[in-house]
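Chemist: got a sequence here, can you build the structure:
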Amino acid sequence: MNVPQSRSLVRPRNGTVIAGVCAGLADRFGLGRNMVRLLFVLSCLLPGPQFVIYLVLWFIMPKADY
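Modeler: Modelled structure (predicted):
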């Protein structure tokens, strides 16, 4: 499915798995949604604040209007 690249950082209303953060990042930067999800899951194997960043993005990224 070819999704047009978004100019702003928003969480889409469809095609989300949990909150739409990875889908929104993928749409914004023109990457595949599953690739961003895979990168996030793989990054969780490394030490760092991945979950905190995900939660912060969940709260600060608005939902798309459509």
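
Chemist: how close does the residue of the chain positioned farthest from its centre sit to residue 35?
Modeler: Distance from the centre of the chain peaks at residue 47, with 19.9 Å (C-alpha atoms, centre = their mean). Residue 47 is 22 Å from residue 35, where distance means C-beta to C-beta, to the nearest Å. Backbone N, C-alpha and C define where each C-beta goes, glycine included.

Chemist: element containing the most centrally placed residue in the chain?
Modeler: For the chain, residue 22 is the residue whose C-alpha lies nearest the centre (C-alpha atoms, centre = their mean; 1.7 Å). Residue 22 belongs to helix 21-29 when assigned by DSSP states H and E.

Chemist: tell me the mean pLDDT over the helix or strand following that helix?
Modeler: Remark: after helix 21-29, the chain's next helix or strand is helix 33-43, criterion DSSP H and E. The pLDDT scores in helix 33-43 average 95.

Chemist: buried ones in helix 33-43, by neighbour count?
Modeler: Neighbour-count burial for helix 33-43, counted by 16 or more other C-beta atoms under 10 Å, picks out 33, 36-37, 40.

Chemist: what's it in contact with?
Modeler: Contacts with helix 33-43, where a contact means C-beta atoms under 8 Å, 6 or more residues apart in numbering, come from 3, 15, 17, 22-23, 25-27, 50, 54.

Chemist: thanks a lot, see you next time.
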